[in-house]
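Asks: only the shape, not the letters, is given here:
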(Lines give C-alpha, C1' and ligand atoms only; values in the text may rest on other atoms or scores of the structure.)
Protein backbone atom coordinates (compact mmCIF):
# COMPACT_ATOMS: atom_id res chain seq x y z
CA UNK A 1 0.00 0.00 0.00
CA UNK A 2 2.84 2.37 0.77
CA UNK A 3 4.51 1.64 -2.55
CA UNK A 4 1.29 2.09 -4.51
CA UNK A 5 0.45 5.29 -2.62
CA UNK A 6 3.93 6.71 -3.17
CA UNK A 7 3.70 5.83 -6.86
CA UNK A 8 0.39 7.64 -7.17
CA UNK A 9 1.80 10.70 -5.43
CA UNK A 10 4.81 10.61 -7.77
CA UNK A 11 2.46 10.43 -10.75
CA UNK A 12 0.52 13.39 -9.35
CA UNK A 13 3.68 15.44 -9.13
CA UNK A 14 4.67 14.47 -12.67
CA UNK A 15 1.16 15.41 -13.79
CA UNK A 16 1.55 18.85 -12.25
CA UNK A 17 4.74 19.34 -14.25
CA UNK A 18 3.52 17.87 -17.53
CA UNK A 19 -0.09 18.96 -17.90
CA UNK A 20 -0.69 21.93 -20.20
CA UNK A 21 -2.97 24.21 -18.14
CA UNK A 22 -4.04 24.99 -14.61
CA UNK A 23 -7.27 23.02 -14.75
CA UNK A 24 -5.73 19.74 -15.89
CA UNK A 25 -2.84 20.17 -13.46
CA UNK A 26 -5.29 20.56 -10.62
CA UNK A 27 -7.22 17.47 -11.66
CA UNK A 28 -4.04 15.39 -11.76
CA UNK A 29 -2.81 16.62 -8.43
CA UNK A 30 -6.03 16.32 -6.44
CA UNK A 31 -7.14 12.90 -7.63
CA UNK A 32 -3.85 11.03 -7.60
CA UNK A 33 -2.40 12.74 -4.54
CA UNK A 34 -5.58 12.20 -2.51
CA UNK A 35 -5.70 8.52 -3.35
CA UNK A 36 -1.95 8.16 -2.81
CA UNK A 37 -2.00 9.79 0.59
CA UNK A 38 -5.06 7.73 1.51
CA UNK A 39 -3.19 4.55 0.67
CA UNK A 40 -0.12 5.60 2.66
CA UNK A 41 -2.22 6.52 5.68
CA UNK A 42 -4.13 3.24 5.32
CA UNK A 43 -0.83 1.37 5.35
CA UNK A 44 0.19 3.24 8.50
CA UNK A 45 -3.09 2.25 10.16
CA UNK A 46 -2.64 -1.40 9.18
CA UNK A 47 0.99 -1.51 10.26
CA UNK A 48 0.55 -0.06 13.73
CA UNK A 49 -2.93 -1.51 14.38
CA UNK A 50 -3.51 0.64 17.45
CA UNK A 51 -6.83 2.34 17.99
CA UNK A 52 -5.41 5.84 18.24
CA UNK A 53 -3.23 5.48 15.15
CA UNK A 54 -6.08 3.95 13.13
CA UNK A 55 -8.47 6.69 14.25
CA UNK A 56 -6.01 9.45 13.36
CA UNK A 57 -5.28 7.86 9.99
CA UNK A 58 -8.95 7.53 9.15
CA UNK A 59 -9.64 11.10 10.22
CA UNK A 60 -6.74 12.35 8.10
CA UNK A 61 -7.99 10.39 5.07
CA UNK A 62 -11.52 11.72 5.58
CA UNK A 63 -10.18 15.26 5.89
CA UNK A 64 -8.13 14.95 2.70
CA UNK A 65 -10.99 13.36 0.74
CA UNK A 66 -13.41 16.06 1.88
CA UNK A 67 -11.20 19.11 1.46
CA UNK A 68 -9.11 18.35 -1.65
CA UNK A 69 -11.99 18.32 -4.17
CA UNK A 70 -13.65 21.35 -2.61
CA UNK A 71 -10.47 23.41 -2.57
CA UNK A 72 -9.63 22.37 -6.14
CA UNK A 73 -13.10 23.39 -7.25
CA UNK A 74 -12.82 26.77 -5.57
CA UNK A 75 -9.38 27.44 -7.04
CA UNK A 76 -10.54 26.40 -10.52
CA UNK A 77 -13.63 28.56 -10.22
CA UNK A 78 -11.60 31.59 -9.15
CA UNK A 79 -9.08 30.98 -11.93
CA UNK A 80 -11.84 30.73 -14.53
CA UNK A 81 -13.44 33.98 -13.35
CA UNK A 82 -10.21 35.97 -13.41
CA UNK A 83 -9.59 34.78 -16.95
CA UNK A 84 -6.99 32.05 -16.72
CA UNK A 85 -7.06 30.56 -20.18
CA UNK A 86 -7.95 27.02 -21.09
CA UNK A 87 -5.54 24.86 -23.03
CA UNK A 88 -5.72 25.74 -26.73
CA UNK A 89 -6.66 22.15 -27.57
CA UNK A 90 -9.57 22.08 -25.12
CA UNK A 91 -12.66 20.86 -26.94
CA UNK A 92 -15.46 22.57 -25.01
CA UNK A 93 -15.95 25.28 -22.42
CA UNK A 94 -19.18 24.41 -20.61
CA UNK A 95 -19.39 27.76 -18.80
CA UNK A 96 -18.85 30.00 -21.81
CA UNK A 97 -21.82 32.33 -22.17
CA UNK A 98 -23.73 30.71 -19.30
CA UNK A 99 -22.25 32.38 -16.25
CA UNK A 100 -23.23 35.83 -15.03
CA UNK A 101 -19.99 37.22 -13.61
CA UNK A 102 -21.64 40.07 -11.72
CA UNK A 103 -24.40 38.06 -10.02
CA UNK A 104 -22.24 34.91 -9.75
CA UNK A 105 -25.04 32.75 -11.09
CA UNK A 106 -25.06 29.98 -13.60
CA UNK A 107 -27.84 30.00 -16.19
CA UNK A 108 -29.63 26.73 -16.70
CA UNK A 109 -28.17 24.54 -19.45
CA UNK A 110 -29.77 24.74 -22.89
CA UNK A 111 -31.24 21.24 -22.61
CA UNK A 112 -33.06 22.16 -19.37
CA UNK A 113 -34.82 25.19 -20.81
CA UNK A 114 -38.39 24.84 -21.99
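Replies: All right, it came through fine. Values in this document were obtained by computation on a predicted structure and should not be read as measured data.
Asks: most centrally placed residue in this structure?
Replies: The centroid of the chain falls nearest to residue 30 when counting by Cα atoms, centre = their mean (3.2 Å).
Asks: what secondary structure does the spatially closest residue to that residue that is not a sequence neighbour sit in?
Replies: Among residues not flanking residue 30 along the chain, residue 72 sits closest, at 4.3 Å (Cβ to Cβ, 6 or more residues apart in numbering). (Glycine included, C-beta is placed from N, CA and C.) State at residue 72, reduced to three classes by DSSP: H, G, I helix; E, B strand; the rest coil: helix.
Asks: check contacts around residue 77.
Replies: Residue 77 makes no contacts at all, as judged by Cβ atoms under 8 Å, 6 or more residues apart in numbering.
Asks: one step back: give me the distance between the residue nearest to residue 30 and residue 61.
Replies: Separation of residue 72 from residue 61 (Cβ to Cβ, to the nearest Å) stands at 17 Å.
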